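> this one's sequence-less:
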């Protein structure tokens, strides 16, 4: 199968996010849907790999799978023996990590993003990487990650950073690597967005230079953070995978290693781009 149309109403979308490939084959998607998804994932499209994990997605009309309760968007997951069941308002599916295969059913106005968020959280962990609820940017070749609870300012900082390449205002991937014999942490962009849908979806990565826990304030200031506290805060920002005890321990170990390599600091900031002068200093 090719990336382009397989047969009328069907097409394949081959992706690679942080080095992890995936093939999605959509059945019943009209031309407008195909164009929308091609555009949304354009930067992350890759040549089709037959051995890549495969997701078969079917577009079907019908009622929402979950009732809407604005403003919260729900994604409900359960896992057993490597199989994830994923349920959201307009999407329902499963993915088997061991088999590298999954199925997804979507309503016509649904989006594969909610499903892919969960699948990639699990796939990242299986490859010793973390999908982190955070805002990520690249500035002057350096990676910066800002994390915290919902409403802490992740999207606000992205909007204030006109001279930075936005990796995402909602999720990024962190992975420990060795570069020229040095232990580093690398941050990767993802095609997922929060409240900043207008930002380009940048398929880019950079060595992580700063990792910051956010506090809204009336001034800009950096504070040190003890490593045990940093591990706890990072762990609390890892979505979708913490329900399994073995996963929780694996996440803790990865957060421990990340904070050994990159010091975590608290960034107090007000709503203006002068916070960058504090980070540059």
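Arrived safely. Keep in mind it's a predicted model, so treat the numbers as computed, not measured.

> hey, where'd the helices end up in this structure?
31-40, 113-126, 154-159, 227-235, 245-261, 275-280 (DSSP state H).

> Of all the ones you listed, which one comes closest to residue 16?
helix 113-126 (11.1 Å; CB to CB). Glycine gets a C-beta too; all of them are placed from N, C-alpha and C.

> what's in contact with the closest one?
Defining contact as CB atoms under 8 Å, 6 or more residues apart in numbering, one finds that helix 113-126 is touched by 17-18, 20, 22, 40, 53, 55, 73, 75, 77, 79, 84, 86, 88, 90-91, 93, 95, 97, 102, 104, 130-131, 171, 173, 175, 190-192, 238-241, 247, 250-251, 254.

> ok, 6 Å please
20, 75, 77, 86, 88, 91, 93, 95, 97, 104, 131, 173, 192, 239-241 (CB atoms under 6 Å, 6 or more residues apart in numbering).

> pLDDT on that helix, on average?
Averaging pLDDT along helix 113-126 yields 96.

> do the same with stretch 171-179
Here the average pLDDT along stretch 171-179 is 94.

> Neighbour-wise, give me the winner out of the contacts of helix 113-126.
When neighbours are taken as other CB atoms under 10 Å, the top entry among the contacts of helix 113-126 is residue 131 (28 neighbours).

> And that residue, what's its pLDDT?
So, for residue 131, pLDDT stands at 98.

> Ok, residue 157 next?
94.

> got the buried residues for stretch 153-173?
Judged by neighbour count using 16 or more other CB atoms under 10 Å, the buried positions of stretch 153-173 are 153-161, 164-173.

> In CSV, list the helices of the chain along with distance to residue 60.
Converted to CSV, the helices of the chain look like this (distance: least, CB to CB, whole Å):
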stretch, distance to residue 60
helix 31-40, 12
helix 113-126, 15
helix 154-159, 33
helix 227-235, 38
helix 245-261, 32
helix 275-280, 46
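
> Looking at the ones you listed, spot the one closest to residue 209.
Going by CB to CB, the one of those nearest residue 209 is helix 275-280, 8.7 Å.

> And the closest one, how far out from the chain middle?
Distance of helix 275-280 from its chain centroid, counting by CA atoms, centre = their mean, to the nearest Å, is 25 Å.

> Next, count neighbours for the nearest residue to residue 92 once chain neighbours are set aside.
Among residues not flanking residue 92 along the chain, residue 65 sits closest, at 4.7 Å (CB to CB, 6 or more residues apart in numbering). Using other CB under 10 Å, the number of residues around residue 65 comes to 17.

> Could you measure from residue 65 over to residue 114?
Taking CB to CB, to the nearest Å as the measure, residue 65 falls 11 Å from residue 114.

> Where in this protein is the helix or strand with the lowest mean pLDDT?
strand 5-7 (a mean of 46; mean pLDDT, DSSP states H and E).
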